[in-house]
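[1] Requesting a structural model of the entry that follows:
(3 chains)
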Amino acid sequence: MSGDLIVPGVGDPWPADPEAARAVQERLAGRVRPEALEADAVSVVAGLDVTYAVDEERLVAAAVVMTADTLEVVETSVVTARPRFPYVPGLFAFRELPPLLEAVDRLRVRPDVYVCDGYGLAHPRRFGLACHLGVLLDRPALGVAKSAFVGRTEAPAAQRGAWSELREGEEVLGRALRTREGVKPVYVSVGHRVDLEGATRLVLRLTPRYRLPEPIRRADQLSRGVLAGRTASSG
DNA sequence: GCGACAG
DNA sequence: ATCTTGTCGC
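    Okay, the predicted model is just below:
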């Protein structure tokens, strides 16, 4: 069932170059299965993020599990690794996925949704990091990016909650969502087993104060802290 | 061909 | 992404 999946690990294949990586994306893209997500019913989420060292010789992946209602941290995990793939726009899942999957694997609590820092379907081959992670785990996942990569969008209204479609021609790839009044929007897209409306509403639940979803912010802080040599803190 | 290009 | 403090504004 999973024998042909590209999963990191001893003996598992991993694309050696961009061409092979793109082929992997094109093949796995067919496995993405959007489905309705009842955002208000989500109780536990995991925010994922990766921080790089200056020279990019080392990277730190972090997973922060939080309750969706009170945004309390339930569990965290951190994995340090060396990148297995160069950074290429559209292919960074091949850099971040190995340590992220390891971090996810170490969690004892299974979150309802994985919130990724990057794109889902809003990707050149419709298979961004959120799709890749979601498909490999066959679990709900969505992507939240800080800038646009593919597609075009009109600026959403200034108030929090306003959004506009991110589209390429007639194809809707995601939404530019205003999570804070008057602040630059974030780009939300479907990863796996969620829909755009549900993803949008969940992201709004996770952004009561800052521009980025709290789980992603916490994962970012955690990975940065570890990379900087700071020990696990409680803040 | 040229520029732009998630993190 | 990363290098980096204070500062202006709601």
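[2] unless I'm mixing things up, A:L177 is touching A:W163, no?
    Yes - between A:L177 and A:W163 there is a contact under CB atoms under 8 Å: 4.4 Å. For the C-beta atoms, the positions are set from N, CA and C on the backbone; glycine is no exception.
[3] what is in contact with these two at once?
    Common contacts of A:L177 and A:W163, defined by CB atoms under 8 Å, 6 or more residues apart in numbering, comprise A:156, A:185, A:188, A:200.
[4] What subset of these is buried?
    Of all the shared contacts of A:L177 and A:W163 considered here, the ones buried according to neighbour count by 16 or more other CB atoms under 10 Å are A:156, A:185, A:188, A:200.
[5] what ranges do the strands span in chain A?
    Counting by DSSP state E, the segments of chain A that form strands are A:44-52, A:59-67, A:73-81, A:113-117, A:141-145, A:163-168, A:171-177, A:186-192.
[6] if we can go back for a sec, ok, the buried ones among the shared contacts of A:L177 and A:W163 vs A:L142, which is closest?
    The closest of these to A:L142 turns out to be A:V188 (CB to CB; 6.7 Å).
[7] do you know how far the closest one is from DNA strand C?
    Applying CB to the nearest atom of the strand, to the nearest Å, one obtains 16 Å for the distance of A:V188 from DNA strand C.
[8] could you point out where chain A is predicted with low confidence?
    Per-residue confidence of chain A (counting by pLDDT under 70) places the weak regions at A:1-12, A:231-235.
[9] hmm, 80 instead?
    Residue ranges of chain A with pLDDT under 80: A:1-13, A:230-235.
[10] what residues are up against A:Y52?
    If you count contacts by CB under 8 Å, 6+ apart, A:Y52 has them with A:58-59, A:83, A:227.
[11] Throw those residues into a markdown table and include distance to DNA strand B, thanks.
    As requested, those are arranged in a markdown table below (distance: CB to the nearest atom of the strand, whole Å):
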| residue | distance to DNA strand B |
| --- | --- |
| A:R58 | 12 |
| A:L59 | 9 |
| A:P83 | 8 |
| A:L227 | 13 |
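[12] If anything else comes up later, I'll come back, but that's it for now.
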